[in-house]
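Colleague: Sequence plus predicted model, see below.
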Amino acid sequence: MPNPSAAPRLTPLTDLQAPPGTRRLVWLAQDADGAPVSSAFLRLFDRDGQRHLAELDLRVHRAQRRAGVGTCLLEAAVEAAREDGRRSVLAPADGGSPGELFLSARKFRRVLRMTYARLVLADADTEALMTEAGRPRPGYRLTEWTGTVPDELAESFTASRRAMDDMPMDDADYGKVAWDVERVRSVAEAVANRGDLLHTVAAVDERDGSVAGFTELVVPGGGTGDGQHYGTGVLPEHRGHGLAHWMKAHQILLVRERHPALTGLLADTAAGNVPMRTVNDALGYVPTHQSCEFQLDL
């Protein structure tokens, strides 16, 4: 049993592998024998539009719970966020989990509920997918690429990222970040540098060749396990034509053909984002669990 009177030793570290545009501080909690028992990662966003925000990932070993370890880690992370001038700290926790109870008891409020879903590729309705992918959308065509966006679409694809700006996020204080071509390419490079593949399918407006919408999927480098959807968005002026359903159906067929050892595709969607959840349901994604985002206002 943990000893509540024995304060853990916290060792601050710096994560040198933080994603572009962020810094990440780390605290390692050790017991009296020097064994690591818990950790906290604080991600500090350094892009314009998100400099007010920090994101906390706190993990306490089951045997160390209710011994004050989590509180010590939380206090260290929150103090670091204050010192860095942050306005909000976000932290995830599964609904009904000890993490939710822990955060709720420490002035964090629930601001967003996420629904996680999985498509088992072996069970996917191939006929329905082919019908959807093959149904033309007058005035639009599909294109796709792996890795970095082609030069001829770079500016248009970057401009299409504003399709995510009005995505329902309830009360979460995520802010808004302006995209430029450099940032778009840095995301693709970050995925490639860790050995994974970024697949993008885009709907193009045939009138001017601009990107009207896109959907992104990351496939593990080994081509096995589950792929992870990154983002799907359709510009407001192009909505109402079924482009999201069309793009995702095409992407599922494409990825299954190119990566036959892949077993599933994972998607996470804000519970309030009914249009995207409807698309996922129609494509055969089955909800697996829910998670919540909690926010501490500093």
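Modeller: Here it is on my side, so go on.

Colleague: Spatially nearest residue to residue 61, not counting backbone neighbours?
Modeller: residue 37 (4.8 Å; C-beta to C-beta, 6 or more residues apart in numbering). No exception for glycine: its C-beta is placed from N, CA and C like everyone else's.

Colleague: and residue 232, that's in a helix?
Modeller: No: the assignment for residue 232 (DSSP: H, G, I helix; E, B strand; the rest coil) gives strand, which keeps it out of a helix.

Colleague: What is the neighbour count of it?
Modeller: Look at residue 232: counted by other C-beta atoms under 10 Å, it has 26 neighbours.

Colleague: How about residue 53?
Modeller: Should you count by other C-beta under 10 Å, residue 53 turns out to have 23 residues around it.

Colleague: Skip the chain neighbours and tell me the closest residue to it.
Modeller: The shortest distance from residue 53 to any residue other than its chain neighbours is 4.9 Å, reached at residue 45 (C-beta to C-beta, 6+ apart).

Colleague: in the sheet, who's paired with the one you found?
Modeller: Judged by DSSP bridges, the bridge partners of residue 45 are residue 22.

Colleague: That one and residue 35: what is the separation?
Modeller: Going from residue 45 to residue 35 by C-beta to C-beta, to the nearest Å gives 32 Å.

Colleague: wait, residue 137 sits on residue 203?
Modeller: Yes: between residue 137 and residue 203 there is a contact at 7.2 Å, judged by C-beta atoms under 8 Å.

Colleague: so what's residue 10 closest to, chain neighbours aside?
Modeller: Leaving aside its sequence neighbours, residue 10 is closest to residue 27 (5.1 Å, by C-beta to C-beta, 6+ apart).

Colleague: can you check residue 72 too?
Modeller: Ranked by C-beta to C-beta, 6+ apart and with sequence neighbours excluded, the top spatial neighbour of residue 72 is residue 8, at 5.7 Å.

Colleague: hey, where'd the helices end up in this structure?
Modeller: Applying DSSP state H to the chain gives helices spanning 69-83, 98-104, 126-134, 151-160, 181-193, 243-258, 274-283.

Colleague: So for the protein, the centremost residue is which one?
Modeller: Here the mean C-alpha position of the chain is nearest to the C-alpha of residue 230 (C-alpha atoms, centre = their mean), at a distance of 6.2 Å.

Colleague: Can you list the buried residues in stretch 266-273?
Modeller: Neighbour-count burial for stretch 266-273, counted by 16 or more other C-beta atoms under 10 Å, picks out 266, 267, 269, 270, 273.

Colleague: tell me the contacts of the first one?
Modeller: By C-beta atoms under 8 Å, 6 or more residues apart in numbering, the contact list for residue 266 reads 116, 117, 118, 226, 227, 228, 229.

Colleague: pLDDT score for it?
Modeller: pLDDT, residue 266: 97.

Colleague: Can you tell me how far it is from residue 225?
Modeller: For residue 266, the distance to residue 225 under the criterion C-beta to C-beta works out to 10 Å.

Colleague: neighbours around the residue lying closest to residue 124 once chain neighbours are set aside, how many?
Modeller: Closest residue in space to residue 124, ignoring its immediate chain neighbours: residue 284 at 5.5 Å, by C-beta to C-beta, 6+ apart. Using other C-beta under 10 Å, the number of residues around residue 284 comes to 18.
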